[in-house]
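Novice: I would like to see how this sequence folds:
(4 chains)
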There are 2 protein chains.
Amino acid sequence: MSAPLMSREEVIAKLVPVFRQYGYDGATLAKLSESTGLGRASLYHHFPNGKREMAAAVLNYMNQWLESSVLEPLRQDGEPAERICVMSTNLYKFYNCGKDACLLAVLALGESRDLFHTQIQKALNTWIETLSHVLVEAGVEPNCARRRSENAILKIQGSLVLARGLNDTGLFERVLQCLIEDLL
Amino acid sequence: MSAPLMSREEVIAKLVPVFRQYGYDGATLAKLSESTGLGRASLYHHFPNGKREMAAAVLNYMNQWLESSVLEPLRQDGEPAERICVMSTNLYKFYNCGKDACLLAVLALGESRDLFHTQIQKALNTWIETLSHVLVEAGVEPNCARRRSENAILKIQGSLVLARGLNDTGLFERVLQCLIEDLL
DNA sequence: GTCTATACACCGATAGAC
DNA sequence: GTCTATCGGTGTATAGAC
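Specialist: This next block holds a predicted model:
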């Protein structure tokens, strides 16, 4: 029962970039051990169910980031355009200017799809619905609001794919800049 | 020197779905052996450089599919709208109604990104440029044509990500249907 | 709570018979 | 050209000392 070197959350934060960059299979315990500075056995102390639990914790951590930095601003009072602008700004940071992949997409396209399908589906749906609600508040017809919100998130995901495929983050930045006019 | 059970191309065709579904790391020799019906040693006879060569061959095979079914129709004579319509129809088949992932995206987001980066980048750029050329022929200003083409492919990729994340191919189908009006 | 050492399965890859 | 058998390495996971 010695004092922990890091809090659980600090450990998870150090696991994030490994799963984000290498995917589930590619995130080996060797890499996870190196990125945290903890031995494998110590990781199993924090996450008794092993790699699955680590990935689930990382996914949960990222969903909290999304919730607090993207969804929460959308739910606040104020001009819809202003709220969407805050989302854009925070997404730019979230995805490191387009250089980092979306964990949801990496896990959804990868081999581990079924393992995390429920969490991924819920996160994407919540995002779409929250954004859609802002548009409805701005006077957009509900069906149209839903469609535009789906299109917006779809373009964000697509631009992140192309950013990695083309090695060019320009598309991602342009998609974020056009978000407001696309939506309103 | 006994007679081969399959041609090289038949073998590659059987390797495709494994890489497409499981990614590079997830496509183990056990799975590749099972899907082809060949023992591991036989696979190494066809692909002396092992898994890397198999994946490269699969990527090349898919790029030929893209070339012949998507790009070639775009280059033919005829109404631009008609040519784009042919592309949409063939993309619908290519991605199995949105149920199958794009190999380019899987490899671009996965752990093996650097291994195939050149091939991926070239394929995406060729696609964008070929589509852009059709728009220019239709009278669209070149910069605008490039931007619209990027947007179209970005939306296709994004919709494939969401199709897997949401377990719903509706978005992919809608993106294909809106392709023509988006572009022209 | 972290470590070293280790178990055991599976990975990619090769050798050699047929 | 395909097979069985096997190699060395690495994967995840665990045991037990401190």
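Novice: what residue in chain A comes nearest to DNA strand D?
Specialist: Scanning chain A for the residue nearest DNA strand D gives residue A:50, at 2.5 Å (criterion: C-beta to the nearest atom of the strand). Just so you know, the C-beta spots here come from the backbone N, C-alpha and C atoms, and that holds for glycine as well.
Novice: what's the local residue count around that residue?
Specialist: For residue A:50, the count of nearby residues is 12 (other C-beta atoms under 10 Å in any protein chain shown).
Novice: same deal with residue A:68?
Specialist: By the other C-beta under 10 Å criterion, the neighbourhood of residue A:68 contains 11 residues.
Novice: using the three-state scheme, assign it.
Specialist: When states are read from DSSP: H, G, I helix; E, B strand; the rest coil, the local structure at residue A:68 comes out as helix.
Novice: quick one: contacts for it?
Specialist: For residue A:68, no residue meets the contact criterion (C-beta atoms under 8 Å, 6 or more residues apart in numbering or on different chains).
Novice: next, the residue in chain A that DNA strand C sits nearest to: phi, psi?
Specialist: Residue nearest to DNA strand C within chain A (C-beta to the nearest atom of the strand): residue A:41, separated by 2.7 Å. In this entry, residue A:41 is assigned phi and psi values of phi -60, psi -30 (degrees, to the nearest 10).
Novice: distance check, it against residue A:91.
Specialist: Distance of residue A:41 to residue A:91, computed by C-beta to C-beta, to the nearest Å: 37 Å.
Novice: between those two, which is the more surrounded one?
Specialist: Counted by other C-beta under 10 Å, residue A:41 and residue A:91 do not tie: residue A:91 has more neighbours, with 20 against 8.
Novice: quick check: that one vs residue A:69, distance?
Specialist: Looking at residue A:91 against residue A:69, where the rule is C-beta to C-beta, the gap reads 8 Å.
Novice: would you map the helices across chain A?
Specialist: With DSSP state H applied, chain A shows helices at A:8-26, A:29-36, A:40-46, A:51-66, A:72-75, A:80-94, A:103-109, A:113-137, A:142-166, A:170-177, A:179-183, listed in chain order.
Novice: let's have those helices in a markdown table, adding mean pLDDT.
Specialist: Converted to a markdown table, the helices of chain A look like this (pLDDT from 0 to 100):
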| stretch | mean pLDDT |
| --- | --- |
| helix A:8-26 | 98 |
| helix A:29-36 | 98 |
| helix A:40-46 | 98 |
| helix A:51-66 | 98 |
| helix A:72-75 | 97 |
| helix A:80-94 | 97 |
| helix A:103-109 | 98 |
| helix A:113-137 | 97 |
| helix A:142-166 | 98 |
| helix A:170-177 | 98 |
| helix A:179-183 | 97 |
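Novice: which of these is buried the deepest?
Specialist: With neighbours defined as mean count of other C-beta atoms under 10 Å in any protein chain shown, the helices of chain A peak in mean count at helix A:103-109, which reaches a mean of 26.
Novice: and it, anywhere near chain B?
Specialist: Yes. With C-beta under 8 Å from any C-beta of the partner chain as the criterion, chain B is reached by helix A:103-109 at A:104, A:105, A:106, A:108, A:109.
Novice: got the residues of chain A near DNA strand D?
Specialist: Those residues of chain A that sit near DNA strand D, judged by C-beta under 7 Å from any atom of the strand, are A:27, A:28, A:29, A:30, A:40, A:41, A:44, A:48, A:50, A:51, A:52.
Novice: backbone dihedrals for residue A:6, please?
Specialist: According to degrees, to the nearest 10, the main-chain angles of residue A:6 amount to phi -140, psi 160.
Novice: and the pLDDT at it?
Specialist: The predicted local confidence for residue A:6 comes out at a pLDDT of 94.
Novice: relative to chain B, which of the residues of helix A:103-109 next to chain B is nearest.
Specialist: Using C-beta to the nearest C-beta, residue A:108 comes nearest to chain B of the residues of helix A:103-109 next to chain B, at 4.0 Å.
Novice: what residues does chain A have near chain B?
Specialist: Counting by C-beta under 8 Å from any C-beta, the residues of chain A close to chain B are A:21-23, A:25-26, A:101, A:104-106, A:108-111, A:113, A:117, A:120-121, A:124-125, A:147, A:150-151, A:153-159, A:161-162, A:164-167, A:171, A:174-175.
Novice: hmm, back to that, tabulate the residues of helix A:103-109 next to chain B (JSON lines), appending distance to residue A:56.
Specialist: Shown next, in JSON lines, are the residues of helix A:103-109 next to chain B (distance: C-beta to C-beta, whole Å):
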{"residue": "A:104", "distance to residue A:56": "13"}
{"residue": "A:105", "distance to residue A:56": "17"}
{"residue": "A:106", "distance to residue A:56": "14"}
{"residue": "A:108", "distance to residue A:56": "15"}
{"residue": "A:109", "distance to residue A:56": "18"}
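Novice: residue A:119 and residue A:61 touch, don't they?
Specialist: No. No contact is recorded between residue A:119 and residue A:61 when judged using C-beta atoms under 8 Å, the distance being 11.5 Å.
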